[in-house]
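> What follows is a protein structure lacking sequence information:
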């Protein structure tokens with residue numbers, strides 16, 4: 001596996017031949033570790049989406065609690081943002097109707113035929129209003145499409161390599177006591193990326209075997225509680241989730257930083273796997289296909305003690321894209 005980052009040294013890329021060799025299906029398995037949901041912690045950046053990458057060009061789903069306002073954020077700015085995000089009370093269609101009615105009435109007054117004369121007829125007015133609404137929606141769709149095209153282009157601009165995004169805007173938590181130092185960028189080495197790839201396979205394997213001890217050695221207590229809840233729910237329903245043939249296809253470093261006594265690294269990973277759910281009592285397959293290789297793309301965050309060896313990384317969060 002070759003790694004390379006936005007600086008040209010550590011971003012993961014896998015050739016197309018590997019993808020073809022797996023003959024990946026279009027569907028995406030959802031019973032794997034994490035059950036296709038976002039959970040865990042990214043330290044001080046838990047409330048912020050990680051920068052997009054080539055592997056995951058769409059913004060990640062928020063972690064639990066991420067929708068809360070940042071500590072110390074301006075109440076006035078938050079209120080202004082809420083007002084800007086609040087839709088019109090009447091909606092765009094009724095707004096188009098009102099503008100069409102007003103325009104036709106003004107035309108009638110200017111020509112001396114009265115305010116309502118410019119409407120012509122009820123059907124003419126409705127047709128005019130529907131045209132305005134159609135133009136509005138087409139313009140809105142074109143604008144959204146243009147923005148979606150511009151975002152990945154902007155992400156790739158600058159240094160010729162896939163960009164990791166701007167530095168997150170860190171804000172210390174409000175309250176008494178000394179303010180902690182802001183997180184600092186962290187440089188990773190080849191062994192770190194090897195550990196991320198290894199943990200991807202080992203965690204899926206431990207999850208498949210309901211190996212709680214193995215998960216405890218590879219994930220934070222918070223993530224272990226998430227996995228334990230999923231495993232227990234499967235057991236309650238008499239089901240077993242079998243995950244096998246896990247293979248990293250492509251990966252990107254999104255960001256890596258040190259805050260206090262901990263190091264964090266967030267990576268986007270696209271991987272192949274066989275994911276099947278069977279009934280424990282009968283062995284009957286209730287979800288998945290043993291002969292099919294599925295593909296998933298997720299963003300994983302890892303944590304370790306500051307400056308510790310690459311072998312000490314633990315899974316801290318999983319986010320969907």
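Alright, I've got the coordinates. Every value quoted in this text rests on a predicted model; they were computed, and no experiment measured them.
> Show the residue spans covered by the helices in the chain.
Applying DSSP state H to the chain gives helices spanning 16-22, 75-85, 91-110, 122-156, 190-208, 212-216, 221-236.
> What mean pLDDT does the fourth one get?
Mean per-residue pLDDT for helix 122-156: 58.
> and what of the first one?
Per-residue confidence for helix 16-22 averages out to 37 on the pLDDT scale.
> With the second one instead?
Confidence over helix 75-85 (mean pLDDT, whole number) is 34.
> ditto for the last one
Within the predicted structure, the mean pLDDT of helix 221-236 is 95.
> how many other residues sit next to residue 233?
Neighbour count for residue 233, taken as other Cβ atoms under 10 Å: 11. Yep, even glycine has a C-beta here, placed from its N, CA and C like the rest.
> Could you tell me how far the nearest residue to residue 208 once chain neighbours are set aside is located from residue 211?
Of all residues beyond its chain neighbours, the one nearest residue 208 is residue 243 (4.1 Å), with distances taken as Cβ to Cβ, 6 or more residues apart in numbering. In this view, residue 243 and residue 211 are 12 Å apart by Cβ to Cβ, to the nearest Å.
> Find residues that contact each of those two.
residue 205 (Cβ atoms under 8 Å, 6 or more residues apart in numbering).
> quick one: which of those two has more around it?
More crowded of residue 243 and residue 211, by other Cβ under 10 Å: residue 243, with 24 against 17.
> For the more buried one, give me its contacts.
Neighbouring residues of residue 243 by Cβ under 8 Å, 6+ apart: 29, 31-33, 204-205, 207-208, 273-275.
> Report the beta-bridge partners for it.
For residue 243, the beta-bridge partners are residue 275 (DSSP bridges).
> mind checking pLDDT for it?
With respect to pLDDT, residue 243 has a value of 92.
> Can you give me every residue that contacts residue 228?
212, 215.
> burial of the closest residue to residue 271 other than its chain neighbours, as a residue count?
Of all residues beyond its chain neighbours, the one nearest residue 271 is residue 248 (5.0 Å), with distances taken as Cβ to Cβ, 6+ apart. Other residues near residue 248 number 20, with proximity taken as other Cβ under 10 Å.
> do the one 3 residues further on as well
Look at residue 251: counted by other Cβ under 10 Å, it has 29 neighbours.
> Hmm, it is touching residue 56, no?
No. Contact criterion Cβ atoms under 8 Å: residue 251 and residue 56 do not qualify, at 9.6 Å.
> Please enumerate the shared neighbours of those two.
Here residue 251 and residue 56 share the contacting residues 268, 270, scored by Cβ under 8 Å, 6+ apart.
> Residue 220 reaches residue 313, doesn't it?
No. Contact between residue 220 and residue 313 fails when scored by Cβ under 8 Å: they sit 10.6 Å apart.
> what sits in contact with each of these two?
Joint contacts of residue 220 and residue 313 (Cβ under 8 Å, 6+ apart) are residue 303.
> The two: which is more packed in?
A direct count of neighbours by other Cβ under 10 Å for residue 220 and residue 313 places residue 313 higher, at 21 against 18.
> What pLDDT is listed against the more buried one?
Value for residue 313, per-residue pLDDT: 98.
> That one and residue 256: what is the separation?
Counting by Cβ to Cβ, the separation of residue 313 from residue 256 is 11 Å.
> Name the residues contacting each of the two.
residue 265.
> quick one: least confident helix or strand in the protein?
helix 75-85 (a mean of 34; mean pLDDT, DSSP states H and E).
> Contact partners for residue 269?
So residue 269 contacts 12, 55, 196, 200, 248, 250-251, 297-300 (Cβ under 8 Å, 6+ apart).
> how does it look with 6 Å?
residue 251 (Cβ atoms under 6 Å, 6 or more residues apart in numbering).
> quick one: it and residue 240, what's the gap?
Taken as Cβ to Cβ, the span from residue 269 to residue 240 is 25 Å.
> now swap in residue 300 and tell me
Distance, residue 300 to residue 240, using Cβ to Cβ: 24 Å.
> Compare those two (neighbour count), which wins?
residue 300 (23 against 18).
> Show me how the chain divides into domains.
As assigned by automatic domain parsing, the chain contains the domains 16-66+185-320, 78-156.
> pLDDT value on residue 39, please?
For residue 39, the model assigns a pLDDT of 94.
> Grab the nearest non-local neighbour of it.
Using Cβ to Cβ, 6+ apart, the closest residue to residue 39 is residue 226 (4.8 Å).
> Please look at the one you found and residue 38 and confirm they touch.
No. At 10.2 Å, residue 226 and residue 38 do not qualify as touching, with contact defined as Cβ atoms under 6 Å.
> list the contacts for residue 245?
Listed by Cβ under 6 Å, 6+ apart, the contact set of residue 245 reads residue 274.
> what do you get if the cut-off is 8 Å, keeping everything else the same?
With contact set as Cβ under 8 Å, 6+ apart, residue 245 has these partners: 272-274, 293.
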